[in-house]
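Trainee: build the 3D model from these lines:
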Amino acid sequence: MDSIAAFFTENSAAIRDSIITFGGILVGLSIVLIVAEKLLINYGICEIDINAQEKVLEVDGGQTLLSALYENKVFIPAACGGQGSCGHCKITVLEGGGPVLPTETPHLGRKEVRAGVRLACQVKVRENILIRVPEELLNVKLFTSTVAGTRSLTYDIKEISFSLIEPAEISHRPGQYVQIQAPSSDGPVFRAYSISSPTYEKNSVELNVRLVPNGIGSTYLHNLEEGDEAIFTGPYGEFRLNEDPSVEIICVGGGCGMAPMKNIIYSIYDQWPDRSCWLFFGCRTTKDVFYLDELNQLSRKHPNFHVVYALSDPLPPGETWDGETGFIHLSADKYLEEGVRRQAFLCGPPPMIEAATRVLKEKGIAPDDIFYDKF
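Mentor: So this is what the prediction gives:
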């Protein structure tokens with residue numbers, strides 16, 4: 001054993017160099033194979049059959065299914081720009097997609113795999129493919145717009161308004177989102193942002209955007225100025241507001257999670273002035289508070305609208321706050337009674353979503369009536 005240890009000690013540098021060389025060879029071979037596929041293998045023209053002949057596309061083989069669909073104005077959500085990291089571009093591949101790849105399995109459950117659900121960004125078009133796409137995604141459009149105005153809501157969140165050019169109108173459900181096209185070193189990418197403007201504003205789209213250090217989308221958006229052009233696709237999203245006015249609506253958000261909440265609330269009170277709705281909004285400090293005066297004004301106009309903000313961090317010396325303190329799910333637990341027919345919409349950090357979901361279930365809200373976006 002001593003001789004073996006001595007051998008590895010004496011030859012550690014050579015062994016390390018061999019491992020590095022072998023790793024480099026593997027990487028090099030991978031690159032060669034990728035280039036060879038692109039240059040030497042011609043898959044010709046392939047057919048993508050969407051929803052049993054509802055829409056049939058002829059595309060160049062060899063590209064990803066997501067790219068082929070985008071080229072033909074079928075816009076599947078893909079917040080990561082097709083890198084396989086967000087898991088949003090799920091569609092059902094019935095024939096021709098090949099085996100499920102290791103890059104897909106972290107985003108797919110067993111039932112989804114059995115049903116043929118795939119990530120469109122990972123499936124290569126190498127033969128004719130039969131796919132099933134939700135009908136509403138076939139209605140998603142590419143919009144061109146100009147920046148109508150911007151304003152700072154906090155030290156790191158901006159409100160950005162876009163005037164639509166083509167198409168000139170957008171139709172969306174409360175709580176849906178769009179995907180903004182942003183430039184990057186690898187070409188245009190798309191990033192998802194919830195619509196904060198209400199559904200009755202047809203000719204414009206408003207977003208709340210937090211600046212993320214080195215974030216491609218947020219950096220691009222924070223540097224836009226009035227008159228700049230912008231491109232986005234949409235609308236997307238699974239939020240579906242119950243249109244029975246007797247059902248109370250609960251909104252829980254934090255940070256930029258305000259955007260879909262604002263959309264939902266203003267859309268509600270345009271249609272149902274007397275409907276009951278609660279907004280629970282969590283902030284760390286008073287520097288993170290925004291829209292409070294505006295929403296309080298709305299609550300005075302509509303007495304069944306209740307606004308509760310809470311600060312999670314201790315107040316610094318000399319600062320006052322007359323709202324709630326602590327995590328926002330505790331405020332929801334404090335104010336909501338049990339036994340009321342409700343639907344809930346949540347948007348914010350995952351820990352907030354998980355804690356609020358537990359409280360809402362304890363209050364009697366069915367899981368199917370709790371919609372959420374984690375970010």
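Trainee: would you check how far apart A355 and K361 are?
Mentor: Distance from A355 to K361, counting by C-beta to C-beta, to the nearest Å: 11 Å. In short, each C-beta sits where N, CA and C put it, glycine included.
Trainee: more crowded one of these two?
Mentor: Set A355 next to K361 and count neighbours by other C-beta atoms under 10 Å: A355 wins out with 19 against 14.
Trainee: where exactly do the helices run in this structure?
Mentor: Listed in chain order, the helices found in the chain under DSSP state H are 2-10, 12-40, 65-71, 110-115, 135-138, 216-222, 258-271, 292-301, 328-335, 350-362.
Trainee: list the helices and strands the fourth one packs on?
Mentor: So the one you mean is helix 110-115. Using 3 or more C-beta pairs under 8 Å, 6 or more residues apart in numbering; DSSP states H and E as the contact test, no helix or strand touches helix 110-115.
Trainee: can you give me how far it is from the chain middle?
Mentor: When distances are taken as C-alpha atoms, centre = their mean, to the nearest Å, helix 110-115 is centred 23 Å away from the chain's centroid.
Trainee: then the fifth one?
Mentor: In terms of C-alpha atoms, centre = their mean, the centre of helix 135-138 is found 17 Å from the chain centre.
Trainee: output stretch 221-228 as PDB - backbone C-alpha positions only.
Mentor: Extracted as PDB, the C-alpha positions of stretch 221-228 are listed here (Å, rounded to 0.1, in the frame of the first residue of the first chain):
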ATOM      1  CA  LEU A 221     -35.200  47.000 -20.000                       C
ATOM      2  CA  HIS A 222     -33.700  49.400 -17.400                       C
ATOM      3  CA  ASN A 223     -31.700  51.100 -20.100                       C
ATOM      4  CA  LEU A 224     -34.700  51.700 -22.400                       C
ATOM      5  CA  GLU A 225     -35.700  55.300 -22.900                       C
ATOM      6  CA  GLU A 226     -38.900  56.900 -24.200                       C
ATOM      7  CA  GLY A 227     -39.300  56.300 -27.900                       C
ATOM      8  CA  ASP A 228     -37.100  53.200 -28.000                       C
END
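Trainee: pull out the buried positions in the longest strand along the chain.
Mentor: Ranked by residue count and defined by DSSP state E, the top strand of the chain is strand 141-152. For strand 141-152, the buried set under the neighbour-count rule, 16 or more other C-beta atoms under 10 Å, comprises F143, S145, V147, A148, T150.
Trainee: ok, L224 - contacts?
Mentor: With contacts defined as C-beta atoms under 8 Å, 6 or more residues apart in numbering, L224 is in contact with V147, T150, I160, A230.
Trainee: same question, L211
Mentor: When the contact criterion is C-beta under 8 Å, 6+ apart, the partners of L211 are D156, I157, K158, S218, T219, H222.
Trainee: for Y177, same thing?
Mentor: With contact taken as C-beta under 8 Å, 6+ apart, Y177 is in contact with A192, Y193, S194, I195, G234, P235, Y236, G237, P260, D373.
Trainee: distance check, it against T146.
Mentor: Noted for Y177: a distance of 20 Å to T146, by C-beta to C-beta.
Trainee: please enumerate the strands of the stretch 101-250 of the chain.
Mentor: Remark: strands of the stretch 101-250 of the chain, listed N- to C-terminal, are 117-119, 129-132, 141-152, 157-166, 177-182, 189-194, 204-210, 229-236, 248-254; assignment by DSSP state E, counting those that start in this stretch.
Trainee: and those strands, which one is worst for confidence?
Mentor: By mean pLDDT, the lowest-scoring of those turns out to be strand 189-194, with a mean of 92.
Trainee: quick one: low-confidence ranges for the protein?
Mentor: For the chain, the stretches with pLDDT under 70 are 1-40, 374-375.
Trainee: give the closest residue to the residue nearest in space to the middle of it in space, chain neighbours not counted.
Mentor: Nearest to the mean C-alpha position of the chain, counting by C-alpha atoms, centre = their mean, stands A192 at 4.7 Å. Beyond its immediate neighbours in the sequence, the residue positioned closest to A192 (C-beta to C-beta, 6 or more residues apart in numbering) is A79, lying 4.2 Å away.
Trainee: next, count neighbours for the nearest residue to I370 once chain neighbours are set aside.
Mentor: On the basis of C-beta to C-beta, 6+ apart, the spatially nearest residue to I370 that is not a chain neighbour turns out to be A344, at 4.7 Å. The tally of other residues near A344 (other C-beta under 10 Å) stands at 25.
Trainee: touching, A344 and P367? I think so.
Mentor: No. With contacts counted by C-beta atoms under 8 Å, A344 stays clear of P367, the gap being 10.1 Å.
Trainee: joint contacts of those two?
Mentor: Applying C-beta under 8 Å, 6+ apart, one finds that no residue jointly contacts A344 and P367.
Trainee: excluding chain neighbours, what is closest to G149?
Mentor: Among residues not flanking G149 along the chain, S161 sits closest, at 4.9 Å (C-beta to C-beta, 6+ apart).
Trainee: hang on, that neighbour packs against E201?
Mentor: No. Between S161 and E201 there is no contact under C-beta under 8 Å: 9.4 Å.
Trainee: how far away is W272 from F305?
Mentor: According to C-beta to C-beta, W272 and F305 sit 11 Å apart.
Trainee: give me the more crowded residue out of the two.
Mentor: When W272 and F305 are compared for neighbours, F305 comes out ahead with 22 against 17, by other C-beta under 10 Å.
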